[in-house]
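Q: give me the fold of what follows.
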Amino acid sequence: MTQSLWFFGSRLSIIADRTTTAGQYDLIEGYFLPSTQIPLHRPNYLIGIQSR
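A: Numbers count the residues shown, from 1 in each chain. Predicted coordinates:
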């Protein structure tokens, strides 16, 4: 499965989703402009690790 979409001027391609990976993960490839910055965030999997 490959589906591409544009999101805030960047192209994202869904290479594999939960239907093709038995619900384990999504694989997304992105092409971004050189000036693009990742917004500040904290991944959900780190929240549980930090609270132990």
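Q: pull up the pairing partners for the longest strand along the chain, direction included.
A: What stands out as the longest strand in the chain, according to DSSP state E, is strand 10-16. The pairing partners recorded for strand 10-16 under DSSP bridges are strand 3-7 (antiparallel), strand 27-31 (antiparallel).
Q: pick the most buried one from those.
A: Stretch with highest mean neighbour count among those: strand 27-31 (a mean of 11; mean count of other Cβ atoms under 10 Å). For glycine as for every other residue, the C-beta is placed from the backbone atoms N, C-alpha and C.
Q: check contacts around the residue sitting nearest the centre point of the chain.
A: Centroid-nearest residue in the chain: Ile28, 5.3 Å away (criterion: Cα atoms, centre = their mean). By Cβ atoms under 8 Å, 6 or more residues apart in numbering, the contact list for Ile28 reads 12-15.
Q: can you rerun that using 10 Å?
A: Shown in contact with Ile28 (Cβ atoms under 10 Å, 6 or more residues apart in numbering): 3, 12-17.
Q: with respect to Phe32, which of these is nearest?
A: The closest of these to Phe32 turns out to be Leu12 (Cβ to Cβ; 9.3 Å).
Q: how many neighbours does that closest one have?
A: 15 (other Cβ atoms under 10 Å).
Q: for Gly9, same thing?
A: Gly9, neighbours per other Cβ under 10 Å, totals 9.
Q: sorry, back to before: who does the residue nearest to the centre of the chain bridge with?
A: Ile14.
Q: who touches the residue nearest to Asp17 when sequence neighbours are not counted in this structure?
A: Spatial nearest neighbour of Asp17, excluding adjacent residues (Cβ to Cβ, 6 or more residues apart in numbering): Asp26 at 5.2 Å. Contacts of Asp26 were listed using Cβ under 10 Å, 6+ apart, and they are 14-20.
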